[in-house]
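Student: This is the structure alone, sequence omitted:
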């Protein structure tokens, strides 16, 4: 009889111990309901480490709810209780789902996880806007991982991680997540653009070309991919391929001034100055305030004039007629340059290079009034 009483007493003791821990969980729930988040946090963190409640999905569900409310509260005092409350909330809901093998809790965490996703998206966007790309990557990864909990693929989060990786010179991360986008056929030309850049940052230009080619199969008339391919040709010195690529791009998008500007630059790099001028001027026809193209035209004429002035000054005194002829050609080139230099300075008033070129042109052409006016500015 005595043994039986002892067993009954021991069973009661064990039962009371279990009850005490469940009571902790219940207390945490009630504290949370009453917005006493400091007490709720202490109670639930005790419940998750006790053997009687640590494997109960409801314990982790409550913890996710409590930390979500801390993360979502607008009070700085509450936020200070757990600066990483949003991350803890996700971790808790994930643990709850893992333990809830019979799905007894149903979709109880779904709305919380959706709202947490929005929190991480906002933080990621804030980081991206402020050029804190590490912060952007961290938070977009959290959003991506939430989707993975339900075996879903958040293409936008993956793309944002990849883009942030390229901007922060973390090509391994960028390539990893942008490849995921390609694998699930996320058809956005920017995926291929940034994936190619990531591979280029990794030093694999062959792979970079392959990705651009893949993107152009899906988006044959996408100018950003065309320009990216042109940039790769430019960087690898494949000028013939670059010229052909740019001409194809111009055929597909004849009103894009940047294509003409890049083609002009390519011809200039190969020493074909006439074609360089031709395409720079076409760029300016389309976009009259296109500063880069305007400056390049002026610079070509200034450089021609400089070469001719040097040739003239090196002629012997007895070749005066030839001197006059060559100097006249130099002056003519400077006159050609003037309107482009003036326009370039108008677009960029603080550009000392343009200002210096214009002063030299006025001086060589003996345009003293214009030179004085420019000097006085």
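Tutor: Cool, got the structure. Remember, it's a predicted structure, so these values are computed and weren't measured experimentally.
Student: which residues touch the nearest residue to residue 249 once chain neighbours are set aside?
Tutor: The spatial neighbour of residue 249 that comes closest, neighbours along the chain excluded (CB to CB, 6 or more residues apart in numbering), is residue 226 at 3.8 Å. Yep, even glycine has a C-beta here, placed from its N, CA and C like the rest. Listed by CB atoms under 8 Å, 6 or more residues apart in numbering, the contact set of residue 226 reads 216, 245, 246, 248, 249, 252, 253, 259.
Student: Which element, helix or strand, includes the third one?
Tutor: Assigned by DSSP states H and E, residue 246 belongs to helix 239-252.
Student: elements contacting that helix?
Tutor: helix 223-235, helix 257-269 (3 or more CB pairs under 8 Å, 6 or more residues apart in numbering; DSSP states H and E).
Student: at 10 Å what do you get?
Tutor: helix 205-218, helix 223-235, helix 257-269, helix 273-286 (3 or more CB pairs under 10 Å, 6 or more residues apart in numbering; DSSP states H and E).
Student: any idea of the angle that helix forms with helix 273-286?
Tutor: Here helix 239-252 points in a direction 30 degrees away from that of helix 273-286 (axes from the mean of the first three to the mean of the last three CA atoms, to 10 degrees).
Student: Which positions within the strand or helix carrying residue 311 qualify as buried?
Tutor: Under the criterion DSSP H and E, the helix or strand holding residue 311 is helix 291-313. Residues of helix 291-313 classed as buried under the neighbour-count rule (16 or more other CB atoms under 10 Å) are 291-302, 304-306, 308-309, 312.
Student: quick check: angle from it to helix 273-286?
Tutor: Going by the same axes, to 10 degrees, helix 291-313 makes 140 degrees with helix 273-286.
Student: start at 58 instead
Tutor: Shifting the count to begin at 58 puts that one at helix 348-370.
Student: Could you tell me the angle between helix 348-370 and helix 314-326?
Tutor: Taking the same axes, to 10 degrees, one finds helix 348-370 and helix 314-326 inclined to each other by 20 degrees.
Student: and the next helix or strand after helix 348-370, which residues are buried?
Tutor: Read in the C-terminal direction, the helix or strand following helix 348-370 is helix 377-404, with elements assigned using DSSP H and E. Going by neighbour count (16+ other CB under 10 Å), the buried part of helix 377-404 is 380, 383-384, 386-388, 390-391, 393-395, 397-402.
Student: between the helix holding residue 303 and helix 262-275, what angle do the directions make?
Tutor: Note on geometry: by the same axes, to 10 degrees, helix 296-309 and helix 262-275 are set 20 degrees apart in direction.
Student: Run the chain-centre distance for helix 296-309.
Tutor: The gap between where helix 296-309 is centred and where its chain is centred comes out at 27 Å by CA atoms, centre = their mean, to the nearest Å.
Student: Would you mind measuring from the residue nearest to residue 306 to residue 242?
Tutor: 21 Å (CB to CB, to the nearest Å).
Student: Check residue 280 too.
Tutor: With distances defined as CB to CB, the gap from residue 280 to residue 242 amounts to 22 Å.
Student: Compare the two (neighbour count), which wins?
Tutor: Comparing residue 280 with residue 242 by other CB atoms under 10 Å, the one with more neighbours is residue 280, at 16 against 9.
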